[in-house]
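>>> give me a 3D structure for the following:
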Amino acid sequence: MPPVQTGGFAFRKSRLAAGGERSEDVCKYMRKLAATFMLVLAAAVCSAEDPPEEPRPVMVRSHRINPLTGKVLGTVEGANTYDWASPARDEPGQFVLRNHRDPNWTLRVDTATGKGTKVHTYATVKDRQINAYDAAGNEQWVSTLPRRVNNYRGPHLLRNDDTFFVAYIGGVSAFDAKTGDLRWDSEGLSDRLCLLDGLLLATDCSNLSKKDVRLLTARKLEDGTEAWRVELPHELEIQKIVAIGDHALVCSDEVTNNPWSWFLDEEGNATLKLHENVHQALCIDDDWLIVSNKRIALLHPDGKAVWVVKNDGDDVYDSGECHMTAAEETLYLHSWGGDRTAARS
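Numbering: from 1, shown residues only. Below is the predicted model of the structure:
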């Protein structure tokens, strides 16, 4: 098995919670810390030391890696046809590996043990038909959409505890997750579906003329009626809409020359606007921890930086492949999509 480079680093709020006048000193300190850390990491990997008493292994393809030392702990049996690991949203400490040969099956992996469980995709949509399954792959029900599924700019299929939400061309349908009964149909925007508490967000990613308006709408989950709408900057298309705590992060396409990222609350108010493409964000108390195409930073709600580490041209950050995991006072940066995990400080 070839060696895999990986990394992680720790930060302390008491050391980094400096005001604006100390931001430059903090950056210098972090650069020195990064250089020192990488030397220590290289020595740890080369000497193949035993992992710490409390390792926190992460998944990169089929490898189990200790992010504190970079040591490969093993592989997941039967994961050769799986790729593109991502954290399981419903259970902390677990990852889901997608099968690039058969998208109907995924592998759910426990990071502490490396044990993988083959799980069937909960639903599939083709043309106008949605098929729902249990974890063993047994079909539960079949339902029909008003029009062909909108798989242009996903996600086009989402689920909460009791409902499937499916985007079709020109609207969204909601189905009972157990029975498949139609709960409601709602015509309107259906690109980039996102669940935010009691709302379903969607936008329009088509190419618009200069006179057109780019909108994001919020539907109420109980009946599909519109709760609010927001006009967005007119820049190509929307790259993603993701829920982070009680906010939605809405970002422009990564190829635009004028990138932007907005944090919207549950009322549709833009509480923070950034002129950069934020790949991922985490809530740290009342602050935002972000990784963008420009920097890694801890920001106050008004956008003022507590500390900043600028991107030095690392393509992992430029392309949005970098993901974050925070545990207590430790921040881990991983690249889920390949045999590498990067660390920056």
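
>>> spatially nearest residue to residue 101, not counting backbone neighbours?
Ranked by Cβ to Cβ, 6 or more residues apart in numbering and with sequence neighbours excluded, the top spatial neighbour of residue 101 is residue 81, at 4.9 Å. No exception for glycine: its C-beta is placed from N, CA and C like everyone else's.

>>> the one you found: how many residues sit nearby?
Residues contacting residue 81 under the criterion other Cβ atoms under 10 Å number 14.

>>> what residues does it make contact with?
Contacts for residue 81 (Cβ atoms under 8 Å, 6 or more residues apart in numbering) come out as 99-102.

>>> mark which of the residues you listed are buried, thanks.
For the contacts of residue 81, burial is judged from neighbour counts taken by 16 or more other Cβ atoms under 10 Å, and it is met by residue 99.

>>> how about a markdown table for the contacts of residue 81, with distance to residue 258 and secondary structure added?
A markdown table is the format used below for the contacts of residue 81 (distance: Cβ to Cβ, whole Å; DSSP: H, G, I helix; E, B strand; the rest coil):
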| residue | distance to residue 258 | secondary structure |
| --- | --- | --- |
| 99 | 38 | strand |
| 100 | 34 | coil |
| 101 | 39 | coil |
| 102 | 40 | coil |
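
>>> biggest separation within the contacts of residue 81, which pair?
Checking the contacts of residue 81 against each other with Cβ to Cβ, the farthest-apart pair comes out as 100 and 102, at 8.3 Å.

>>> show me the contact partners of stretch 197-208.
Contacts to stretch 197-208, defined as Cβ under 8 Å, 6+ apart, come from residues 152-153, 158, 165, 167, 172, 188-195, 214-222, 224, 227, 232, 234, 236-238, 241, 243, 246, 248, 250, 266.

>>> buried ones only from those, please, as a ChimeraX command.
For selection in ChimeraX, the members of the contacts of stretch 197-208 meeting the burial criterion (16+ other Cβ under 10 Å) are listed in this command:
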select :153,158,165,167,172,189,190,191,192,193,194,195,214,216,217,218,219,221,224,227,232,236,237,238,241,243,248,250,266
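
>>> where does pLDDT dip in the stretch 51-200 of the chain?
51-62, 66-70, 83-85, 87, 89-90, 92 (pLDDT under 70).

>>> that older thread, tell me which of the contacts of stretch 197-208 fall in strands.
Where the contacts of stretch 197-208 overlap with strands, as defined by DSSP state E, the overlap consists of 158, 165, 167, 172, 191-195, 214-220, 227, 232, 238, 241, 243, 248, 250.

>>> find the nearest non-adjacent residue to residue 189, please.
The spatially closest residue to residue 189, leaving aside those adjacent along the chain, is residue 202, at 4.4 Å (Cβ to Cβ, 6+ apart).

>>> neighbouring strands - and their directions - for the host helix or strand of the one you found?
Assignment of secondary structure by DSSP states H and E places residue 202 within strand 199-203. Here the strand partners of strand 199-203, with direction, are listed using DSSP bridges: strand 191-196 (antiparallel), strand 214-220 (antiparallel).

>>> so residue 142: helix, strand or coil?
For residue 142, the reduced secondary structure class is strand; criterion used: DSSP: H, G, I helix; E, B strand; the rest coil.

>>> what about it, distance to residue 174?
In this view, residue 142 and residue 174 are 16 Å apart by Cβ to Cβ, to the nearest Å.

>>> so the two - more neighbours on which side?
Here residue 142 and residue 174 are compared on neighbour count by other Cβ under 10 Å; more neighbours surround residue 174, at 24 against 10.

>>> for the chain, what spans make up the helices?
Counting by DSSP state H, residue ranges of the helices within the chain are 13-16, 23-47, 315-318.
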